[in-house]
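>>> give me coordinates for this.
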Amino acid sequence: EVQLQASGGGLVQTGGSLRLSCATSGFAFDDYAIGWFRQAPGKEREEVACIASSDAKTYYPASAKGRFTISRDDAKNTAWLQMNNLKPEDTAVYYCAARVGSQYAYWGQGTQVTVSS
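Below you'll find the predicted structure:
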């Protein structure tokens, strides 16, 4: 059974930090790119970070660049999202997902991040 377990969300003040974890099982983690997404109420889902499987190259949109850092440990089948200098507009449910090729095949449940002003 494929599982992606996102955790680490919570309530933090503006300027604070959180580290999200994505613990996985049931698939060949090291063959998959890992992405972090978020979705706020009434907004579309947004990809905020991605890390490749082969060379661990990373991608961030402008909204996350310089503040978010994605990492992975293939030995632990786990990925992380370090989020610094958080802003109220970062408030959302955050999800991790696993991709091979162009399609995200597996998704985890979300973890709520709330940034107070």
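>>> hang on, Thr78 packs against Arg19?
No. Counting by CB atoms under 8 Å, Arg19 is not a contact partner of Thr78; they are 11.6 Å apart. (C-beta placed from N, C-alpha, C; glycine too.)
>>> ok, which stretches of the chain are helices?
Here the chain has no helices by DSSP state H.
>>> quick one, strands of it?
Taking DSSP state E as the criterion, the chain carries its strands at 3-7, 10-13, 18-25, 33-39, 46-51, 58-59, 68-73, 78-83, 92-100, 103-107, 111-116.
>>> reformat those as CSV; add mean pLDDT and mean neighbour count.
Shown next, in CSV, are the strands of the chain (pLDDT from 0 to 100; neighbours: other CB atoms under 10 Å):
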stretch, mean pLDDT, mean neighbour count
strand 3-7, 97, 17
strand 10-13, 98, 13
strand 18-25, 98, 19
strand 33-39, 98, 22
strand 46-51, 98, 20
strand 58-59, 97, 15
strand 68-73, 98, 18
strand 78-83, 98, 23
strand 92-100, 97, 21
strand 103-107, 95, 14
strand 111-116, 98, 17
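>>> now do the contacts for the most centrally placed residue in the chain.
With distances taken as CA atoms, centre = their mean, the residue of the chain nearest its centroid is Trp36 (2.6 Å). By CB atoms under 8 Å, 6 or more residues apart in numbering, the contact list for Trp36 reads 20, 22, 47-50, 68, 70, 79, 81, 94-97.
>>> how about those, which pair is most distant?
Pairwise distances across the contacts of Trp36 peak at 15.5 Å for Phe68 and Ala97 (criterion: CB to CB).
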